[in-house]
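**Student:** I'll drop the sequence and a predicted model, then ask my questions.
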Amino acid sequence: MLRRMPSRRPPRIVVTTMVAADQPDPTLALRRVALYLDSVVRHGAAAIPLDATSSAAARGAAFASMDGLLLTGGADVDPARYGRPNDGSHGMEPERDALEAAAFEIANARGLPVLGICRGLQAMNAFSGGSILQHVDGHAGPAWGHGPALTHPIRLVPGSATARILDPAASGGELRVNSYHHQAVRPADLAPGFTAAAFSDSPAGPLVEALEGSAGGPWRLAVQCHPERAESTPRAFEQLFAAFVEACRVR
């Protein structure tokens with residue numbers, strides 16, 4: 001008699017998002033959320049979306065079953081989260097901060113992979129004891145859906161995990177990415193345990209465009225750009241989503 005092998009379930013990735021209904025254009029916001037979900041689903045993951053309106057039961061079930069965490073873009077992190085007065089932050093969403101801080105704490109406790117995108121990079125840094133530059137000129141172009149993206153070059157740090165994922169051929173270490181942020185992380189703002197993996201230039205000096213965790217620790221990577229927006233992102237960033245989903249699958 002033939003024995004049927006058990007099926008291999010897809011990794012379950014919790015994706016924290018904005019509350020689309022609370023945005024000025026809810027339909028556009030839903031499209032933005034869908035881009036994040038699809039970025040992991042197309043690589044074989046099951047996406048579990050959560051936002052600040054998700055019930056305690058939904059959060060508990062999601063956190064109990066998650067194999068990885070994706071922190072997405074959105075409003076500024078409340079400066080109180082990193083012990084600073086407000087100096088240019090706006091549109092804060094404390095309920096979202098609380099949701100993501102709890103998710104990140106559980107991911108850390110269980111050693112789960114975490115990927116951060118834009119706000120997600122800043123949130124990971126703030127939750128880990130780092131800080132955020134609350135305003136930087138020249139890095140926030142037209143909002144998505146309202147014109148061509150502002151772009152700028154970034155320099156990958158040779159030998160970093162990010163460089164190995166995005167530039168495996170070591171072809172020069174520079175990519176041109178979209179820019180939708182008015183806040184940033186500088187090298188001096190980095191939390192303990194994180195290292196910079198890419199930089200860009202700005203009037204405020206070098207900005208961290210990617211950060212990652214220490215070698216040998218849990219999979220941690222974040223980028224300041226929006227790689228889910230494929231129309232303004234180098235194709236190399238598809239490898240980032242693939243690597244993240246694979247890390248969650250292995251975990």
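**Tutor:** That came in fine, so what should we check first? Since the model is a prediction, treat every value here as computed from it, not as a measurement.
**Student:** okay, now the sheet partners of the helix or strand bottoming out on mean pLDDT in the chain, with direction.
**Tutor:** Least confident helix or strand, the chain: strand 174-178 with a mean of 90, by mean pLDDT, DSSP states H and E. Paired strands of strand 174-178, with direction, are strand 151-156 (antiparallel) (DSSP bridges).
**Student:** next structured bit after the partner strand?
**Tutor:** Next along the chain after strand 151-156, taking DSSP states H and E as the criterion, comes helix 161-166.
**Student:** quick one: average confidence on that next one?
**Tutor:** The average pLDDT for helix 161-166 rounds to 95.
**Student:** likewise stretch 43-59?
**Tutor:** 98.
**Student:** just the helices in this protein please.
**Tutor:** Applying DSSP state H to the chain gives helices spanning 26-41, 56-65, 94-110, 119-127, 161-166, 238-250.
**Student:** what sits closest to residue 219 if chain neighbours are left out?
**Tutor:** The shortest distance from residue 219 to any non-neighbouring residue, by CB to CB, 6 or more residues apart in numbering, is to residue 113 (3.7 Å). (C-beta placed from N, C-alpha, C; glycine too.)
**Student:** if I look at that neighbour, how far off is residue 65?
**Tutor:** For residue 113, the distance to residue 65 equals 15 Å [CB to CB, to the nearest Å].
**Student:** then residue 40?
**Tutor:** Here residue 40 is placed at a distance of 15 Å from residue 65 (CB to CB).
**Student:** so those two - more neighbours on which side?
**Tutor:** Neighbours per residue, other CB atoms under 10 Å: of residue 40 and residue 65, the larger number sits with residue 40, 25 against 11.
**Student:** contact partners for residue 103?
**Tutor:** Contact analysis of residue 103 by CB atoms under 8 Å, 6 or more residues apart in numbering lists 14, 16, 50, 63, 66, 69, 71.
**Student:** mind listing which of the residues you listed are in strands?
**Tutor:** 14, 16, 50, 69, 71 (DSSP state E).
**Student:** contact partners for the first one?
**Tutor:** To tie it back to what came earlier, the one meant is residue 14. 48, 50, 62, 63, 66, 68, 69, 70, 103.
**Student:** and which of the residues you listed is nearest residue 35?
**Tutor:** residue 70 (11.6 Å; CB to CB).
**Student:** pull the number of nearby residues for that closest one.
**Tutor:** 30.
**Student:** what pairs with it across the strands?
**Tutor:** Per DSSP bridges, the residues bridged to residue 70 are residue 15, residue 115.
**Student:** surely it touches residue 43?
**Tutor:** No - using CB atoms under 8 Å, residue 70 is not in contact with residue 43, being 11.7 Å away.
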